[in-house]
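the amino acid sequence is not available; the structure is as follows:
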């Protein structure tokens, strides 16, 4: 949508789907239905299916990605499926083109990017489908609060506690999702949640 400069409605019309379905999928409220990717490939034949389904390789069949300027007054919404890259590669590096560019929400403090929460591990405070807005910080400000850790094993959004050589990660729902630890040497960075959007 970003590459083609399409609104959500224009994109839905182009792939032959209802805008409400596209909106639900983008908010994480609905699984991607069978045939959805095929509809996208039919409408945009230059897009590689492996990239669309798995996030692997170049976005385009010919391997050439056209240069795209980042619109002013926007921040990236990170893809739902993140590779093993550092988060910073998405919001300020070479993978920014894989993100949706969304207008800055001025009511929030300054932030670097947003992403959708894919699980209910942090319910009831944070729910699946919430869009969370993050700002990079140098270090954890207050142990026991929620932070997004950028790790070698992917991003982890948890209540964080410091231990000797590890960080202890705790969900609100500890019965269903047990605590775990992450070695300090595989953590690339820390991010603080500064805003949340929730569909009521």
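Everything's here; your move. Source: prediction; values computed, not measured.

please count neighbours and contacts with C-alpha atoms only from this point.
Will do.

okay, helices next: where are they in the protein?
In the chain, the segments counted as helices under DSSP state H are 8-15, 19-26, 36-43, 49-54, 88-91.

bridging residues for residue 160?
Judged by DSSP bridges, the bridge partners of residue 160 are residue 169.

what about it, distance to residue 4?
For residue 160, the distance to residue 4 (CA to CA, to the nearest Å) stands at 40 Å.

between those two, who's got more neighbours?
Just comparing residue 160 and residue 4: by other CA atoms under 10 Å the higher neighbour count belongs to residue 160, 22 against 8.

residue ranges with poor pLDDT in this structure?
Low-confidence segments of the chain, defined by pLDDT under 70: 2-3, 5, 27-28, 63-71, 83-85.

could you redo the last one with a cut-off of 80?
Low-confidence segments of the chain (pLDDT under 80): 1-8, 23-34, 51-72, 80-85, 92-94.

was I right about residue 144 contacting residue 159?
Yes - if you go by CA atoms under 8 Å, residue 144 and residue 159 touch, sitting 5.3 Å apart.

the two: which is more packed in?
Relative neighbour count places residue 159 above the other of residue 144 and residue 159, with 19 against 15, counting by other CA under 10 Å.

which ones are touching that one?
Residue 159 makes contact with 143, 144, 145, 146, 147, 169, 170, 171, 172 under the criterion CA atoms under 8 Å, 6 or more residues apart in numbering.

separate out the buried members of those residues.
Listed as buried from the contacts of residue 159 are 146, 147, 169, 170, 171, 172; burial here means 16 or more other CA atoms under 10 Å.

mind putting these into a markdown table with distance to residue 86?
Written out in a markdown table, the entries for those read as follows (distance: CA to CA, whole Å):
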| residue | distance to residue 86 |
| --- | --- |
| 146 | 19 |
| 147 | 16 |
| 169 | 19 |
| 170 | 22 |
| 171 | 23 |
| 172 | 26 |
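
wait, residue 56 sits on residue 48?
No - Residue 56 is beyond contact range of residue 48, at 9.2 Å (criterion: CA under 8 Å).

who has more neighbours out of those two?
Between residue 56 and residue 48, residue 48 has the larger neighbour count (other CA under 10 Å), namely 19 against 12.
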